[in-house]
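# Need a 3D model of the sequence below.
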Amino acid sequence: MPVAFEARPGGPPSELPGWIWPRKQVSIEAFFFDLGGVILRTEFEAPREQLAERLDLSYEELVRMVFESEGARQASLGRITTQQHWEGVAARLGRPTSEVAAMRDEFFGGDLLDRQLLDLIRSLRPTRRTGLISNGWPDLRDYVVKNKFDDAFDTLIISAEVGLLKPDPRIYELALRTLGASAAQSVLVDDTPANLKAATAMGMRGILFSNPDQVRLELAPLIT
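Have a look, this model is predicted:
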């Protein structure tokens, strides 16, 4: 049975990539993964850079407008649709709604799914349980199904569907309840230190995603 060390309450310093605090060994039964920045990553920035240039914005300004605006938060909580969020972005830029679809496609044009990581997650089932925990917009489940990787997970916990955002501890509690797993027997892979700090404070183990090889290396002793 794979083992890991139980996380110390409060978690480790946020600068450490992937941490283990030795207290007692526990078997790992549930593996949770973030989507954006972990399974789905922006590998090519050129499409987004070109869109930003055409809109007379910096790359960072465009990213903040799409992901960090109030509209993005409302969509992530399921209070507005993904389309309404993008229409809000277009309105702020003075662009017509007829351009929304093309704008969205170009913005995400450099994003790629890590199919090898998904295969690794699939290999954990059925002997272990797997889950996705994502701060995602209302169309995220459709995206997962359309791209045929819903079979990698026993459950999809999507913020827009549950009305909770990481790092709110309640979203982790919901994920654990859904899989019938304890925090001490669960691992979260995420690329945001604040999300991992909240999870490890509950007793989960946290792995801070840096790159695919690093994550596979840290997962290996837990799944072999």
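# my read: Pro138 touches Ala75, true?
Yes: contact criterion CB atoms under 8 Å: Pro138 and Ala75 qualify, at 6.6 Å. (C-beta placed from N, C-alpha, C; glycine too.)
# And stretch 84-99, end to end?
The straight-line separation of the ends of stretch 84-99 (CA to CA, to the nearest Å) is 13 Å.
# Pull out the buried positions in it.
His85, Trp86, Glu87, Gly88, Val89, Ala90 (16 or more other CB atoms under 10 Å).
# so where does the nearest residue to the last one once chain neighbours are set aside fall, helix or strand?
In other words, Ala90. Nearest non-adjacent residue to Ala90, counting by CB to CB, 6 or more residues apart in numbering: Val100, 5.3 Å away. According to DSSP states H and E, Val100 maps onto helix 100-107.
# On the C-terminal side of that helix, identify the next helix or strand.
Later in the chain than helix 100-107, the nearest helix or strand by DSSP H and E is strand 111-113.
# Now do that following strand: which elements does it pack against?
Contacts defined by 3 or more CB pairs under 8 Å, 6 or more residues apart in numbering; DSSP states H and E place strand 111-113 against strand 40-42.
# just checking, what packs against the helix or strand just after the strand it packs on?
Using DSSP H and E, the helix or strand that follows strand 40-42 in sequence is helix 46-54. For helix 46-54, the elements it packs on are helix 59-67, helix 100-107, judged by 3+ CB pairs under 8 Å, 6+ apart.
# Could you check the angle helix 46-54 makes with helix 100-107?
Relative orientation of helix 46-54 versus helix 100-107 (axes from the mean of the first three to the mean of the last three CA atoms, to 10 degrees): 120 degrees.
# Might one say that Leu188 is in contact with Ala201?
No: in this structure, Leu188 is not within contact of Ala201 by CB under 8 Å, at 11.6 Å.
# any common contacting residues for these two?
Common contacts of Leu188 and Ala201, defined by CB atoms under 8 Å, 6 or more residues apart in numbering, are absent altogether.
# quick one: which of the two has more around it?
Leu188 (27 against 18; other CB atoms under 10 Å).
# May I have the beta-bridge partners of that one?
Beta bridges link Leu188 to Phe32, Gly206, judged by DSSP bridges.
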